[in-house]
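In: When you get a sec, could you give me coordinates for this:
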Amino acid sequence: MSTRQIQSVFEDYQKARTEFVQTIADLASRPPNAQVLHSADIMSLLRPLLLDKVPSIQQSAALAIGRLSNSSVDLAEAVVGGDILPHVVYSMQNQNKFYKKSAALILRAISKHSPEMAKAVIDSGGLQGLQACLETFEPSVKESALWALSVIARQTEELATAVLDCGVVPTVVLCLNEADLPVRRTAAAVVGEICKHSNHLAESVTAMGAIQRLSASLLCSDPKLKRQALGALSQIAKHSVAMAELIVESDAFPAMLKDLTNPDENVRRNVAFLVRELVKHSFDLAQMVVNTGVLSGLVDYLGDSKMEAMMPAIQALGYISSFNEMLAMAVINSKAVLQLEAILQVVDPKQIELAGAAAWTAGQIGRHSSEHAQPVTDSAIVQNIVRLQTDPASKPELKAKTEQALKLILNRCTDIDALQPLLVGSPPKILEFVLVQFAKVLPESSSSRKIFIAAGSLTKINSIKAPEGSIIAKAIADIRAAFPPDVVQFYSPNYTDRILERVESFQPGRTAS
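Out: This is a model prediction of the structure:
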């Protein structure tokens, strides 16, 4: 054979390899094909192509493996068990940007399935390979490597600690200063995934200047970057007072407050998350945050947001209200009670967390004094909490939360008009709270006693049957003691029958001997 003919054989072989691996990469982009390819033992066919001398074939093989690993845990396990990972990681050190990007995709796709798979990536030297990718100048390679680090760190505290210990985090933090927006977004995501696990990890990352760079990211107009930066700051703030104080003292706060009116709903929600994580720790932090004017922004957020996005703002208002009377009154003055009333009117008992949070926040507002309870009871909040309490669809968890909220509010309520409607239809535990409060209020106020009688409430009280020695029985006795005995008798349920019996048995003209 001539030289040309021999070369043609090799060319045909290379063409066939190229066509094969490109076709597999294309098929791998559609998840329904994954199982068919797995049954054909595709990984054993792709493995030697990773070592092919033709760079384009190596790149296509890596891309196909990444896509297949992403769509199927079985194929990801085949990569781990088929001795493919070491080749992928080794090649990341000296291959071109296209291969590195696909290799980072492989590591990310494997790691997402479970902590065990992510541990296998680390054991193969994957963190060192990803660090090498971060040292390149190509933004798309950095972004792909950062996403892989984010997925690894997300799994467990142990894996996040491994990411921290490998020395890659300083480079990640520096990526927050990159000009490329996708790189900055993914770097913020990595910071958040590491910091979420423990205070120790959060302290370690913040010591590298993460808070300052994340705060600077809030000044950018890109909503996706804002979202990730706010999320990372929330993960830092949630652990301790010290971490929260660092954020409040940074440049994050002014920019963050403006974003409560950001057109992007996810940005607004993440601001509410961050406010919640800041105010929950202490009175001082809550006071500092309130002094920035955040309350009006949170209340407006509740008025503009979808039901499923309201949780963090509701909880933030509850935490602020819980610390003392002054902060609770500030929440009342911000018109938060009106928003809570609107939420509780439409919330479904199946939305356990949202309904429970709204009831809890109302309880935190009303628990301080009668002045705090008054705005709550003047609204329809109490009636709607009772509705949730008595709804057959309500789970025990929600019933417990609503009962506690009602106890806090009613224990401070001195408004007879607000208490009287609860005498009818309330479950025994709620009725107990109401009667105990009546027993406190009625002996101290003659005007309240008049209102109580005029509304027919004394008659209702006298018709309640309670076990002897119970809290309800004692409260009823205390209420009756606040009225003259003949008045109590007059408003007893069978008083008219007794009068009629006396009239029937009375014989005119006869006097008692």
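In: just for the chain, where's the confidence low?
Out: Applying pLDDT under 70 to the chain flags residues 1, 495-506, 509-513.
In: could you point out the longest helix in it?
Out: helix 3-28 (DSSP state H).
In: got the CA positions of the next helix-or-strand element following that one in CSV?
Out: As assigned by DSSP states H and E, the chain's next helix or strand after helix 3-28 is helix 34-39. The C-alpha trace of helix 34-39 is given here as CSV (Å, rounded to 0.1, in the frame of the first residue of the first chain):
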residue,chain,number,x,y,z
ALA,A,34,-29.0,8.2,29.5
GLN,A,35,-30.3,4.8,30.4
VAL,A,36,-29.9,3.5,26.9
LEU,A,37,-26.3,4.7,26.7
HIS,A,38,-25.7,3.2,30.2
SER,A,39,-26.9,-0.2,29.1
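In: quick one: T459 and L278, what's the gap?
Out: To L278, T459 is 52 Å away according to C-beta to C-beta, to the nearest Å. C-beta: built from backbone N, CA, C; applies to glycine.
In: Comparing the two, which residue is more hemmed in?
Out: L278 (29 against 14; other C-beta atoms under 10 Å).
In: what's the helix or strand for that one?
Out: Going by DSSP H and E, L278 is part of helix 265-279.
In: what comes into contact with that helix?
Out: Helix 265-279 is contacted by residues 223, 226-227, 230-231, 233-234, 237-238, 244, 247-248, 256-257, 259-262, 285-286, 289-290, 294, 298, 301, 304-306, 309, 312-313, 315-316, 319-320 when judged by C-beta atoms under 8 Å, 6 or more residues apart in numbering.
In: Give the buried subset of those residues as a ChimeraX selection command.
Out: Those of the contacts of helix 265-279 that meet the burial criterion (16 or more other C-beta atoms under 10 Å) are gathered into one ChimeraX selection, given here:
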select :223,226,227,230,231,233,234,237,238,244,247,248,256,257,259,260,262,285,286,289,290,294,298,301,305,309,312,313,315,316,319,320
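In: what about the helices in the stretch 101-250 of the chain?
Out: Here the stretch 101-250 of the chain has its helices, by DSSP state H, counting those that start in this stretch, at 115-123, 126-134, 139-155, 157-165, 169-174, 181-195, 199-206, 210-217, 223-237, 241-249.
In: how about CSV for those helices, with distance to Q58 added?
Out: Shown next, in CSV, are the helices of the stretch 101-250 of the chain (distance: least, C-beta to C-beta, whole Å):
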stretch, distance to Q58
helix 115-123, 19
helix 126-134, 15
helix 139-155, 15
helix 157-165, 27
helix 169-174, 26
helix 181-195, 25
helix 199-206, 35
helix 210-217, 35
helix 223-237, 32
helix 241-249, 44
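In: Please give the number of neighbouring residues around the residue nearest to L302 when sequence neighbours are not counted.
Out: In space, and not counting its chain neighbours, L302 is closest to Q339: 4.2 Å by C-beta to C-beta, 6 or more residues apart in numbering. Look at Q339: counted by other C-beta under 10 Å, it has 22 neighbours.
In: you'd agree P170 is up against A207?
Out: No. P170 sits out of contact with A207 when judged by C-beta atoms under 8 Å, with a separation of 10.1 Å.
In: Please identify the buried residues of the longest helix of the chain?
Out: Of the residues in helix 3-28, R17, T18, F20, V21, Q22, I24, A25, L27, A28 count as buried by neighbour count, 16+ other C-beta under 10 Å.
In: Hmm, L63 and the fifth one touching each other?
Out: No. Taking contact to mean C-beta under 8 Å, the distance of 9.1 Å between Q22 and L63 leaves them out of contact.
In: can you count the residues close to the closest residue to S204 other than its chain neighbours?
Out: Nearest non-adjacent residue to S204, counting by C-beta to C-beta, 6+ apart: L164, 5.8 Å away. Using other C-beta under 10 Å, the number of residues around L164 comes to 20.
In: go on, the one 10 residues further on?
Out: Using other C-beta under 10 Å, the number of residues around L174 comes to 14.
In: For L201, which residues are in contact?
Out: Here L201 is in contact with E157, A160, T161, L164, I194, C195 (criterion: C-beta under 8 Å, 6+ apart).
In: that older thread, so what's the residue nearest to S204 up against?
Out: Counting by C-beta under 8 Å, 6+ apart, L164 makes contact with I194, L201, S204, V205.
In: and the gap between the last one and M311?
Out: When C-beta to C-beta is the yardstick, V205 and M311 sit 26 Å from each other.
In: and the nearest residue to G82 once chain neighbours are set aside, which of the three is it?
Out: Setting aside the residues directly before and after it, G82 is nearest to M43 in space (C-beta to C-beta, 6+ apart), at 5.1 Å. Using DSSP: H, G, I helix; E, B strand; the rest coil, the structure places M43 in helix.
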